[in-house]
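Q: Have a look at this prediction, sequence included:
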Amino acid sequence: MSDEGGEGVRLQKVLAEAGVASRRQAEILMRQGRVEVDGRVVKEMGIRVDPDTAVIHVDGSRIVTDTETVHLALNKPEGMLSTMWDEQGRRCVGDVVLEKAGSTKGLFHVGRLDAATEGLLLLTNDGELAHRLTHPSYEVSKTYLAEIRAPIPKDLGRQLRAGVELDDGPVAVDSFRVVDRSGARVMVEVVLHEGRKHIVRRLLDAVDKPVQRLVRTAVGDVRLGDQRPGTLRKLNRDEVGSLYGAVGL
Ligand code: URA
């Protein structure tokens with residue numbers, strides 16, 4: 001960070017280019033003390049920053065200003081592998097990224113989904129973000145829709161919230177709800193902050209309700225929404241900010 005006349009780009013310009021607000025509105029945000037650079041509230045108008053390195057927060061939410069950092073959401077279809085490359089040429093996440101974004105260079109998939117599981121898989125070239133989002137200590141929630149067979153015991157939610165013993169230790173859900181019932185099919189939503197392998201399938205197996213179909217619908221505040229299977233989209237500024245905020249970056 002430097003003063004007027006120094007190196008870098010004026011902070012209000014950086015904020016405007018990041019899509020936060022117009023330059024004039026950005027100046028108002030700064031005067032109101034809502035803009036922080038590298039942990040310090042900045043109210044002075046002449047401040048210049050390096051957009052590639054400055055850590056900027058507006059209202060406590062991280063604003064990514066360097067143009068090199070990428071945050072993507074894929075709706076992974078059933079059958080696709082959660083890898084950037086497959087030796088045997090099986091269809092994998094890296095193929096979609098290559099087709100749609102032109103390159104897989106430096107991109108990490110944030111955790112994995114089983115080949116049979118569909119839904120939201122995040123990708124980024126910010127290694128620290130990817131690491132934190134998958135590390136259990138940051139407790140980022142993941143939301144899944146699971147299809148199981150009727151009937152379901154009345155106390156299934158209570159059982160899952162209380163915790164179930166698996167081979168590699170107990171697991172409990174943060175929340176459970178029945179979303180839809182139709183004939184022999186029940187759709188349930190489970191939210192947990194666990195990343196262990198096959199965790200939802202093993203959890204529901206353990207209560208005799210094997211999963212027929214599994215879709216991840218959210219990671220933290222980022223939702224799959226109506227994104228079509230096999231498509232890739234850029235996360236918006238609020239989504240990116242929410243992910244950084246969830247892991248203390
Ligand atoms: N739990 C599972 O069982 N599979 C996944 O792909 C993700 C969570």
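A: Received, thanks. Numbering: from 1, shown residues only.

Q: next one: phi and psi at Q12?
A: Torsion angles at Q12 (phi, psi; degrees, to the nearest 10) stand at phi -70, psi -30.

Q: so how many other residues sit close to it?
A: Each residue near Q12 was counted by other CB atoms under 10 Å, and the total is 23. (Glycine included, C-beta is placed from N, CA and C.)

Q: Likewise for H135?
A: H135 has 13 nearby residues by other CB under 10 Å.

Q: next one: M1
A: As a burial measure, M1 scores 17 neighbours (other CB under 10 Å).

Q: so it makes contact with E44?
A: No - taking contacts as CB atoms under 8 Å, M1 lies outside contact range of E44: 9.9 Å.

Q: So what does the closest residue to P210 other than its chain neighbours look like in phi/psi?
A: Once flanking residues are discounted, P210 sits nearest to L204: 6.3 Å by CB to CB, 6 or more residues apart in numbering. Here is the backbone geometry of L204 (degrees, to the nearest 10): phi -80, psi -30.

Q: Now for L204: which residues touch it?
A: For L204, the contact set (CB atoms under 8 Å, 6 or more residues apart in numbering) comprises 146, 148, 210-211.

Q: quick one: the most centrally placed residue in the chain from E44, how far?
A: With distances taken as CA atoms, centre = their mean, the residue of the chain nearest its centroid is V219 (4.4 Å). Here V219 is placed at a distance of 37 Å from E44 (CB to CB, to the nearest Å).

Q: Report the buried residues of stretch 156-170.
A: Neighbour-count burial for stretch 156-170 flags 156-157, 159-160, 164 (criterion: 16 or more other CB atoms under 10 Å).

Q: what about R196, how many neighbours?
A: 14.

Q: same deal with S103?
A: By other CB under 10 Å, neighbour count at S103 equals 9.

Q: quick one: it from H109, how far?
A: In terms of CB to CB, S103 sits 15 Å off from H109.

Q: Quick one: classify L160 as helix, strand or coil.
A: Put simply, L160 is helix when judged by DSSP: H, G, I helix; E, B strand; the rest coil.

Q: what's it in contact with, if anything?
A: L160 neighbours (CB under 8 Å, 6+ apart): 172-173, 176, 190, 203, 207.

Q: returning to what we had before: the residue nearest to the centre of the chain and V70, how far apart?
A: 16 Å.

Q: Repeat that for E7.
A: 26 Å.

Q: out of the two, which sits in the busier spot?
A: Set E7 next to V70 and count neighbours by other CB under 10 Å: V70 wins out with 18 against 9.

Q: Not counting sequence-adjacent ones, nearest residue to L11?
A: Counting by CB to CB, 6+ apart, the residue nearest L11 is I47, at 4.8 Å.

Q: and the one you found, what are its phi and psi?
A: Torsion angles, degrees, to the nearest 10, at I47: phi -60, psi 140.

Q: Up against the ligand, what does the protein have?
A: Counting by CB under 6 Å from any ligand atom, the chain comes close to the ligand at 113-114, 117, 198-201, 214.

Q: Among the residues you listed, the buried ones, what's the ChimeraX command?
A: In ChimeraX, a selection of the buried entries from these looks like this (16+ other CB under 10 Å):
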select :113,114,117,199,200,201,214
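
Q: Pipe the contacts of L204 into a markdown table and attach secondary structure per row.
A: Formatted as a markdown table, those follow (three-state DSSP):
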| residue | secondary structure |
| --- | --- |
| A146 | strand |
| I148 | strand |
| P210 | coil |
| V211 | coil |
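
Q: Output the residues you listed as a markdown table; include the columns neighbour count.
A: Formatted as a markdown table, those follow (neighbours: other CB atoms under 10 Å):
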| residue | neighbour count |
| --- | --- |
| A146 | 23 |
| I148 | 21 |
| P210 | 13 |
| V211 | 21 |
